[in-house]
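Participant: Predicted model and sequence follow; I will ask about them next.
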Amino acid sequence: MTITDLAVLPGMLAVTWTDGTLTRYPTIWLRDNCPSGLHPQTQERTLDLLSLDHSPELVAAERSGPHIGLRYADGHLSTMPVAFLDAHRPGMAAADAAALPATLWRADLGAAGIPRHGARAILADDAALHAWLADTAAFGLSIVEGLDDRVSAGTDIAGRIGFLRRTNFGTTFEVVSKPDPNNLAYTSVALPLHTDLPNQEVPPGYQFLHCLANEAQGGGSVFADGFAIAADLRAGDPEAFRLLSEIAIPFRFHDEGTDISVRQPVLTLDGKGDLIEVRFNAHIAGVFDMPSDQMPAYYGAYRAFMARTRDPAYRLTLKLKAGEMVVFDNRRVLHGREAFDPSTGHRHLHGCYVDRGEFASRLRVLARGRTEAAAA
């Protein structure tokens, strides 16, 4: 968008755009964001904000093609890109290529509705990588098909995004039945819907489960969109939603060599009140310790959320095949497993995590590349 008029006012610059909108930029903001205050290579801030007056005096502003020139009373001159001013209007968040809207889903999505993408294309082509990441971000869930029959095939895909997240279970982990397990995932019992590692200060973001073998009877994978469950709870029982988003509870995992705990609410909201994270794992929730007069209502809210995780209206079940990998947002999508009989065949999943920040970074870089290619 282009500028039709500039007006220097006390303490601010008023900009009128071609669509008729008016934006006011405080002079301290303009001076703080002067391109001369950024390192030319790293684009990090080098300006010391305390070196400025609390309200620098702007004395003149004029348009010059794709820039505007600003002159201050202390003699400082700024050349500000019009595109920068358009993208960073006060009161409006800048566009973020990684902030894709969530597509809420329930059981009627069906296994056939889960976005599917081919491993070979993801590994070889950035456009295919971007399409897969965008689908996974929107649905919180996708399946990658056609992986090679080797343990590292899944981590090769995850590595296309960024660094793997190391936890107390290692950088990668094997989901197999073990004789001496320290986690229910390493047994053959059914796992109710949950999110992984809510006891961590920051739980892992995206989880990758590569199926190497799934020959045992049973062992179907179960998923539910925690954001859809929470949205319905908020609409149908707003008091339960409030309690789950305001009262922190303890989560704890401990074994012989580890004792990791944290206190956080089941539902985390951002500053606008939008849901950004679900922490739900009844097996490692600690002992509730809120005041006793809050406990009955809190238990009611907690049970209301739990009941929805058992409701078939939200649950989606599929049995992964060798060569498939399910990828999901661990801080949104709840996952579980049907019981299986290890005597009837081998079941082996190889897993890893990539944090949300790495995932979002790759989306932004890929989107930037697409924009640059289109402009060329």
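Facilitator: Right, received. Where do you want to start?

Participant: Check which helices and strands the worst-scoring helix or strand of the chain on mean pLDDT sits against.
Facilitator: One helix or strand of the chain scores below all others by mean pLDDT, DSSP states H and E: strand 340-341, with a mean of 83. Packing partners of strand 340-341 (3 or more Cβ pairs under 8 Å, 6 or more residues apart in numbering; DSSP states H and E): strand 217-218. Bear in mind the C-beta positions are built from the backbone N, C-alpha and C, glycine included.

Participant: Strands of the stretch 251-376 of the chain, residue ranges please.
Facilitator: 259-264, 267-269, 275-278, 316-318, 325-329, 333-337, 340-341, 347-354 (DSSP state E, counting those that start in this stretch).

Participant: Comparing these, which yields the minimum mean pLDDT?
Facilitator: For the strands of the stretch 251-376 of the chain, the weakest mean pLDDT is recorded on strand 340-341, namely a mean of 83.

Participant: who touches R315 in this structure?
Facilitator: A107, L193, V222, F223, A224, T309 (Cβ atoms under 8 Å, 6 or more residues apart in numbering).

Participant: Same check on T268?
Facilitator: By Cβ under 8 Å, 6+ apart, the residues touching T268 are S245, L275, I276, E277, V278, R279.

Participant: Please work out how many residues are found near Q43.
Facilitator: Neighbour count for Q43, taken as other Cβ atoms under 10 Å: 9.

Participant: Please state the backbone phi and psi of it?
Facilitator: phi 60, psi 20 (degrees, to the nearest 10).

Participant: Centre of the chain to stretch 157-168, how far?
Facilitator: Put simply, stretch 157-168 sits 14 Å off its chain's centre (Cα atoms, centre = their mean, to the nearest Å).

Participant: So what touches it?
Facilitator: 119, 122-123, 129, 133, 144, 147, 155, 171-172, 197, 200, 204-206, 208, 253, 258, 260, 325, 352-355, 358-359, 361-362.

Participant: among those, which ones are buried?
Facilitator: Buried by 16 or more other Cβ atoms under 10 Å: 119, 122-123, 129, 133, 144, 147, 155, 172, 197, 200, 204-206, 208, 253, 260, 325, 352-355, 358-359, 362, out of the contacts of stretch 157-168.

Participant: D289 and P250 touch, don't they?
Facilitator: Yes. Shown here, D289 and P250 form a contact pair, counting by Cβ atoms under 8 Å, at 6.7 Å.

Participant: So between those two, which is more surrounded?
Facilitator: The neighbour comparison of D289 against P250 (other Cβ under 10 Å) goes to P250, with 15 against 11.

Participant: Next, the contact list for the more buried one, please.
Facilitator: Shown in contact with P250 (Cβ under 8 Å, 6+ apart): S261, V262, R263, A285, G286, V287, F288, D289.

Participant: With distance to G20 added, can I get those in a markdown table?
Facilitator: Shown next, in a markdown table, are the contacts of P250 (distance: Cβ to Cβ, whole Å):
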| residue | distance to G20 |
| --- | --- |
| S261 | 55 |
| V262 | 49 |
| R263 | 50 |
| A285 | 54 |
| G286 | 56 |
| V287 | 59 |
| F288 | 55 |
| D289 | 56 |
